[in-house]
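>>> Sequence and predicted structure, then a few things I'm wondering about:
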Amino acid sequence: MKIMKLNKNISSILLGILALMSGSFIQSCSDQPDEYKISDGAPTIYYARLSKVAAKDSLITGAYMGTNICFVGCNLRSITKMYFNDQKAVLNSSFITDNTLLVDVPNTLSDNPTDKIYMVNNQNDTTTYDFKVLVPSPTVTSLNNEWAKDGETVTLSGDYLLNYSSNPLKITMPGNVPVTDFVSYSKTAVSFKIPAGSSKGYVTVTTKYGTSTSKFYFRDDRNMLFDWDGTHGKALATGHGWRNGVIGQNVVAPLDGNYIIFKGDLAGKIGSSWNEDGYSFDYWPDTSNGYPELNTLFDASDISKLQLKFEINVPQAWNSCALQCIFTGNSQVTYATGNNTYISNDTYPRALWTPWYGTANGYTTEGWVTVSIPLSEFKYSNSGTVLSKITNENMTGLTFFVWKGGYEGTDCSPIICIDNIRIAPIE
């Protein structure tokens, strides 16, 4: 009997505890003082600031894409949608109170920049606030053919090359000549025809958001090494070595005169062909007979800031072997007798250019295009392994030769025309 009485007491206690817990649960579910509620009416913004605490006293009238900002005002919980220009922002109710709203400026560009924010409430009424989405000034990185003639179509590459009907993109060629004949626009590339009267120098691009100057020099004849006709300053008209190459201007339309022509047969299997007659030229200096050391034609004191440039035209598909660009020093070549063992020497650094690799049908060009190779990339063996970089002492001579490169290709008979080999600063 005592046991039964004890069980009754325990049961009573447990029932009491359960009742208390149930009451607490019901009360906690019904009591939500922090529940987000959309308010009625329209919002008002007093000012905007950066969301960082350290910058809370700095008022702003615009911000770059992706910036987290804080709006201060009243009745901000009435906002159900927010647009920066025509781009919808992502609202998080955890960061909205009656008086503050934290939001990221959308990362997508507007097609119609109005420099306003549009706030929509739950009655679909819209309130505006003046605020600029800041966009970087344009960058101008390259031109597909830096030696294009007047009237030829070129493509300029960069970023934020933005064209609006109310704020058209403007391009000014050297000589203060404006571009008037545009072919196509995108954020990263613009095609146009070179206007008559363009000279040499930097290209200027202006958008709604600023003006920038190109990182290349149009029709650059500074530090010209080889132009194959000797018309650009100290440029050389021919090679000097065992293979001077075939020089002409009848295979493709010339840039500005003669160019060197590589043609013949190349095997696809790595190293199985050595077509030195068809695909090479050498330049070995001989100062006593008027052939200067190349590193005396430009400032070679800091080659980390320099690049090799040239124009190339490939009308017939190239699908094997690398264009090997080899600067040679006096210790690599015995000029009195001639010695080309540096080409096959797998410990002597050079640049390898294989634009055909990864293409379906080999590499061809539509006319002339500019190639840029930083001198810091002159660090490969003829088979593609990484070696130490060249030094300025290694830059007295130059050889171009198509061979090896580290990638299997397919048998081919490309025609490769090259002009205006030069050294340009990396800007």
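Yep, that arrived.
>>> which intervals of this protein have sub-threshold pLDDT?
Applying pLDDT under 70 to the chain picks out residues 1-34, 53-57, 334-337.
>>> So it: which segments form each domain?
44-134, 139-213, 224-425 (automatic domain parsing).
>>> now, of those domains, which is deepest in the fold?
Of all the domains of the chain, domain 224-425 has the most neighbours on average by mean count of other Cβ atoms under 10 Å, namely a mean of 18. For glycine as for every other residue, the C-beta is placed from the backbone atoms N, C-alpha and C.
>>> ends of that one, how far apart?
12 Å (Cα to Cα, to the nearest Å).
>>> And that domain, how far out from the chain middle?
Centroid separation for domain 224-425 versus its chain: 25 Å, with Cα atoms, centre = their mean, to the nearest Å.
>>> need the helices for the stretch 251-400 of the chain, in chain order.
Along the stretch 251-400 of the chain, counting by DSSP state H, counting those that start in this stretch, helices occupy 341-344.
>>> And the strands in it?
Using DSSP state E, counting those that start in this stretch, the strands of the stretch 251-400 of the chain run over 259-263, 280-283, 306-316, 322-328, 351-353, 369-374, 397-403.
>>> Parallel or antiparallel, list what pairs with the last one.
It refers to strand 397-403. Looking at strand 397-403 with DSSP bridges, its partner strands are strand 280-283 (antiparallel), strand 322-328 (antiparallel).
>>> Need the residues that contact it.
Strand 397-403 has contacts (Cβ atoms under 8 Å, 6 or more residues apart in numbering) with 225-226, 241, 260, 262, 266, 271, 273-276, 279-285, 293-294, 321-330, 332-333, 340, 342-343, 382, 416, 418, 421.
>>> same thing but at 7 Å, please
Where contact means Cβ atoms under 7 Å, 6 or more residues apart in numbering, the residues beyond strand 397-403 that reach it are 225, 262, 266, 274, 279-285, 294, 321, 323-328, 333, 343, 382, 418.
>>> likewise the first one?
Residues from elsewhere that reach strand 259-263 (Cβ under 7 Å, 6+ apart): 228, 245-249, 251, 278-279, 281, 402, 415-419.
>>> Farthest-apart pair in the residues you listed, please.
Gln249 and Val402 (20.5 Å; Cβ to Cβ).
>>> ok so, going back, compare the strands paired with strand 397-403 and report which one is nearest to Val190.
When those are compared by Cβ to Cβ, strand 322-328 sits nearest Val190, at 28.7 Å.
>>> what is the orientation angle of the closest one with strand 306-316?
Taking axes from the mean of the first three to the mean of the last three Cα atoms, to 10 degrees, one finds strand 322-328 and strand 306-316 inclined to each other by 140 degrees.
>>> from now on call the first residue 44
Noted, 44 is the first residue going forward, which turns the last one into strand 365-371.
>>> picking up where we left off before, will you turn the strands of the stretch 294-443 of the chain into TSV that also has distance to Tyr245?
TSV is the format used below for the strands of the stretch 294-443 of the chain (distance: least, Cβ to Cβ, whole Å):
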stretch	distance to Tyr245
strand 302-306	25
strand 323-326	30
strand 349-359	15
strand 365-371	26
strand 394-396	26
strand 412-417	15
strand 440-446	27
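>>> Looking at strand pairing, list the partners for Asp325.
Note on Asp325: beta-bridge partners by DSSP bridges are Thr442.
>>> ah, wrong one, I meant Tyr228
Beta-bridge pairing for Tyr228 (DSSP bridges): Val233.
>>> okay but it is in contact with Asn206, surely?
Yes: counting by Cβ atoms under 7 Å, Asn206 is a contact partner of Tyr228 at 4.7 Å.
>>> Centroid-nearest residue for this structure?
Central residue of the chain (Cα atoms, centre = their mean): Gly201, 6.5 Å from the mean position.
>>> where does Ile464 land in three-state SS?
strand (DSSP: H, G, I helix; E, B strand; the rest coil).
>>> ok, it to Leu309 distance?
From Ile464 across to Leu309, the span is 21 Å (Cβ to Cβ, to the nearest Å).
>>> mind putting the domains of the chain in CSV, distance to Glu78 included?
Converted to CSV, the domains of the chain look like this (distance: least, Cβ to Cβ, whole Å):
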stretch, distance to Glu78
domain 87-177, 10
domain 182-256, 42
domain 267-468, 57
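>>> So which of those is nearest Lys80?
Minimum separation from Lys80 across these (Cβ to Cβ) falls at domain 87-177, 6.9 Å.
>>> what about the closest one, distance to the chain center?
Put simply, domain 87-177 sits 31 Å off its chain's centre (Cα atoms, centre = their mean).
>>> First residue to last residue on it, what's the distance there?
With Cα to Cα as the measure, domain 87-177 spans 22 Å from end to end.
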